[in-house]
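Asker: Next input, structure requested:
(chains A and B)
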Amino acid sequence: MPLVDVLQSIADKANHDLDSVNDFYEHSKVVWNSFEKYVKTGHTLSLTNAATGTTIDETGLLALGTKYTAEYLATFTFRQFVSTFESFFFAFFHRLLQHNPWSYARSQLDFDTVLKAKDRDEIISVVLLKQLNDLKYENIRDWFAELNKAVKLGTPTEDESDSLAELKATRDILEHNAGIVNATYTRKAGKKARYAVGDRIEIDDAYHLSSWRLIKKVVTDLTTSARTKLS
Amino acid sequence: MTDTTTKKPIRIQVYQDVHPFIKLPKEQVETVTRLFESNGIKFWVDRISISFDGTPYESTIYLRWGMNPDQVQTLLDATP
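Answerer: Here you go, the predicted structure:
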């Protein structure tokens, strides 16, 4: 398959996954709203959770609905957005580098990589994967700097790159620090930081939607630019 | 097998990209899981059981990927 088509398929998968998660978020809210109407029309419910032993009725469940959607559902789906972008970016970049690996020409290579590989392409792929794995732990702005060294795609803009860095910093705090902002967040988020150290991160509806839109735009822009450059 | 609440046959529900599942009264879960286990059917029982408007608690059993829903339905139909 031509490289541009491979890149497009990577982008298509990311877009599909992003849309699925967004739909899951919105549809789940609809279900909760429907449940609220169900209860208001006099219906009752009782449910038990065999794992926790918890039993709850319709009033108790309704009271938890806001917490479930605002805290768990929003943060879970937001984290999925960022994870999807990371998967997209590194699959996309890896494929581009396989086409043009020269920006990593000075990379170190273990001899056993050569011994175990079945051909030159596999050696290149293994070296690139190691380099990209190291890059994952760097600031997202560095991701784009590395990408531009390999192929000058001219996207995303600096402002978009800064916003993505803030998204990633937010995701990392939710993942590793129970949502409480620390100095790592302020450093990674830079001028787009929305919180001070000690604040608790919230994923409100507007931020949730703008994050999804930004990621979709960057996925599309990177792919369109790559297609133009490589065609 | 008949649903003791509705008095209708227990049916496997199949939707795209979803594990096939059956909904049944909680009191019948043990019977069905024993039937599945003795016939090599791979499944799991949802932790949640729900009662709507005071009706008996309802549970859900999901078939794992690779299980043939038609064969499992035949097994259920053949069981009194």
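
Asker: so what's the residue nearest the centre of chain A scoring on pLDDT?
Answerer: The structure's chain A has its C-alpha centroid closest to residue A:82; by C-alpha atoms, centre = their mean the separation is 1.5 Å. Residue A:82 is assigned a predicted lDDT (pLDDT) of 98.

Asker: So what's the residue count around the nearest residue to it once chain neighbours are set aside?
Answerer: Distance criterion C-beta to C-beta, 6 or more residues apart in numbering or on different chains; nearest residue to residue A:82, sequence neighbours excluded, is residue A:171 at 4.1 Å. Heads up, the C-betas are built off the backbone N, CA and C, glycines and all. Residue A:171 has 22 neighbouring residues, counting by other C-beta atoms under 10 Å in any protein chain shown.

Asker: pretty sure the residue nearest to the centre of chain A is touching residue A:168, no?
Answerer: Yes - in this structure, residue A:82 is within contact of residue A:168 by C-beta atoms under 8 Å, at 6.0 Å.

Asker: I'd like to know how many residues surround residue 20.
Answerer: No chain was given, so I picked chain A. For residue A:20, the count of nearby residues is 12 (other C-beta under 10 Å).

Asker: Not quite, go with chain B.
Answerer: Using other C-beta under 10 Å: residue B:20 sits among 20 other residues.

Asker: quick one: it from residue B:6, how far?
Answerer: Residue B:20 sits at a distance of 19 Å from residue B:6 (criterion: C-beta to C-beta, to the nearest Å).

Asker: Any buried residues in whichever helix in chain A runs longest, and which?
Answerer: Secondary structure of chain A read by DSSP state H shows that its longest helix is helix A:3-40. Across helix A:3-40, burial judged by 16 or more other C-beta atoms under 10 Å in any protein chain shown covers A:3-4, A:6-8, A:10-11, A:14-15, A:17-18, A:21-22, A:25, A:28-29, A:32, A:35, A:38-39.

Asker: ditto for stretch A:82-96
Answerer: Quick answer for stretch A:82-96 (16+ other C-beta under 10 Å): A:82, A:84-86, A:88-93, A:95-96.

Asker: So which of the residues you listed is the closest to chain B?
Answerer: Using C-beta to the nearest C-beta, residue A:84 is the member of the buried residues of stretch A:82-96 that sits closest to chain B, with 17.5 Å.

Asker: What score does residue A:101 have for pLDDT?
Answerer: For residue A:101, the predicted pLDDT is 86.

Asker: hmm, back to that, possible to save the buried residues of stretch A:82-96 as a markdown table with distance to residue A:142 and secondary structure?
Answerer: Compiled in a markdown table, the buried residues of stretch A:82-96 are given as follows (distance: C-beta to C-beta, whole Å; DSSP: H, G, I helix; E, B strand; the rest coil):
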| residue | distance to residue A:142 | secondary structure |
| --- | --- | --- |
| A:82 | 16 | helix |
| A:84 | 20 | helix |
| A:85 | 15 | helix |
| A:86 | 14 | helix |
| A:88 | 17 | helix |
| A:89 | 12 | helix |
| A:90 | 13 | helix |
| A:91 | 18 | helix |
| A:92 | 16 | helix |
| A:93 | 12 | helix |
| A:95 | 19 | helix |
| A:96 | 16 | helix |
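
Asker: Which stretches in chain A count as helices?
Answerer: Ranges of helices in chain A, per DSSP H, are A:3-40, A:58-67, A:74-99, A:111-116, A:120-135, A:140-150, A:158-176, A:183-189, A:205-230.

Asker: Residue B:57: which of those helices is closest?
Answerer: Residue B:57 lies closest, by C-beta to C-beta, to one member of those: helix A:58-67, at 14.3 Å.

Asker: now for the closest one, which elements pack on it?
Answerer: helix A:3-40, strand A:45-49 (3 or more C-beta pairs under 8 Å, 6 or more residues apart in numbering or on different chains; DSSP states H and E).

Asker: near chain B, anything from the longest one?
Answerer: It stands for helix A:3-40. No - judged by C-beta under 8 Å from any C-beta of the partner chain, helix A:3-40 and chain B are separated, with a smallest distance of 9.1 Å.

Asker: Give me the angle between that helix and helix A:74-99.
Answerer: Interaxial angle, helix A:3-40 versus helix A:74-99 (axes from the mean of the first three to the mean of the last three C-alpha atoms, to 10 degrees): 170 degrees.

Asker: I figured the residue nearest to residue A:82 hits residue A:76, correct?
Answerer: No - applying C-beta under 8 Å as the test, residue A:171 and residue A:76 come out as separate, 11.1 Å apart.

Asker: Measure how buried residue B:54 is and give me the count.
Answerer: Neighbours around residue B:54, by other C-beta under 10 Å: 9.

Asker: Which residue is the nearest non-sequential neighbour of residue A:214?
Answerer: residue A:163 (5.7 Å).
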